[in-house]
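J.: sequence unavailable; structure follows:
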């Protein structure tokens with residue numbers, strides 16, 4: 001009985017306050033580290049897309065980066081960068097002739113022949129090299145609503161496409177890595 005009473009009367013040191021202070025210091029250090037990392041990246045930090053290639057017995061198709069923001073198509077050809085205006089087109093038949101109706105804001109513009117836009121020349125070029133090159137579309141948030149209209153123009157001409165969303169102000173770079181690994185995502189192979 002005396003033993004219990006003597007232990008209860010002794011002073012003890014509580015570590016709870018020390019642990020609380022230590023956790024606050026660690027949390028503050030983590031916040032500072034993450035903030036410095038975010039500031040060093042900055043708002044202009046870009047993305048690097050790496051596409052693995054390595055088809056056995058066949059040549060790999062070359063991806064071409066195409067940025068889409070809802071109004072312009074920016075194509076990053078190996079030799080140059082090309083910016084083309086785009087607007088949705090609906091093909092209409094009237095009196096035995098085909099016309100293209102392009103919408104610019106709230107008004108339509110009737111054109112004939114239907115295929116006289118710079119984007120049509122781009123689509124013709126991709127269709128001509130569909131066996132060796134394919135577009136990889138970087139879709140910005142401002143282009144989400146009209147992306148399916150643009151993608152359907154590629155698909156209507158039998159052009160295989162890849163696409164991925166990207167931040168509105170982010171830059172993007174596309175690289176192709178040669179690999180022979182079985183479990184990596186690969187670029188399409190000719191003949192697949």
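T.: That came through fine. Please read these numbers as outputs of a predicted model, since none were measured by experiment. Residues are numbered from 1 along each chain as shown.
J.: mind listing the strands for this structure?
T.: Using DSSP state E, the strands of the chain run over residues 47-53, 62-68, 72-76, 81-85, 89-94, 97-104, 107-111, 133-139, 162-165, 172-178.
J.: comparing these, which yields the minimum mean pLDDT?
T.: For the strands of the chain, mean pLDDT drops lowest on strand 107-111, to a mean of 58.
J.: residue 84 is in contact with residue 122, isn't it?
T.: Yes: counting by CB atoms under 8 Å, residue 84 does reach residue 122; the two are 6.0 Å apart. Just so you know, the C-beta spots here come from the backbone N, C-alpha and C atoms, and that holds for glycine as well.
J.: ok, those two, which is more surrounded?
T.: Higher neighbour count among residue 84 and residue 122: residue 122, with 19 against 15, using other CB atoms under 10 Å.
J.: residue contacts, residue 158?
T.: For residue 158, the contacting residues are 127, 130, by CB atoms under 8 Å, 6 or more residues apart in numbering.
J.: backbone dihedrals for it, please?
T.: Phi and psi for residue 158, reported as degrees, to the nearest 10, are phi 80, psi 30.
J.: next, the buried residues of stretch 160-176.
T.: 162, 163, 166, 172, 174 (16 or more other CB atoms under 10 Å).
J.: now the residues you listed in CSV, with distance to residue 149?
T.: Below are the buried residues of stretch 160-176 laid out as CSV (distance: CB to CB, whole Å):
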residue, distance to residue 149
162, 18
163, 13
166, 19
172, 21
174, 23
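J.: between those, which is closest to residue 27?
T.: Sorting these by how near they are to residue 27, with CB to CB, puts residue 166 at the top with 32.4 Å.
J.: how near is residue 37 to residue 63?
T.: 30 Å (CB to CB, to the nearest Å).
J.: higher neighbour count, these two?
T.: Using other CB under 10 Å as the criterion, residue 37 and residue 63 rank with residue 63 on top: 21 against 9.
J.: run through the bridge partners of the closest residue to that one other than its chain neighbours.
T.: Among residues not flanking residue 63 along the chain, residue 136 sits closest, at 4.6 Å (CB to CB, 6 or more residues apart in numbering). Per DSSP bridges, residues listed as beta-bridge partners of residue 136: residue 65, residue 162.
J.: quick one: contacts for residue 136?
T.: 49, 51, 63, 64, 65, 66, 161, 162, 163, 164, 174.
J.: can you tell me how far the last one sits from residue 78?
T.: Here residue 174 is placed at a distance of 11 Å from residue 78 (CB to CB).
J.: try the fourth one
T.: Distance, residue 64 to residue 78, by CB to CB: 8 Å.
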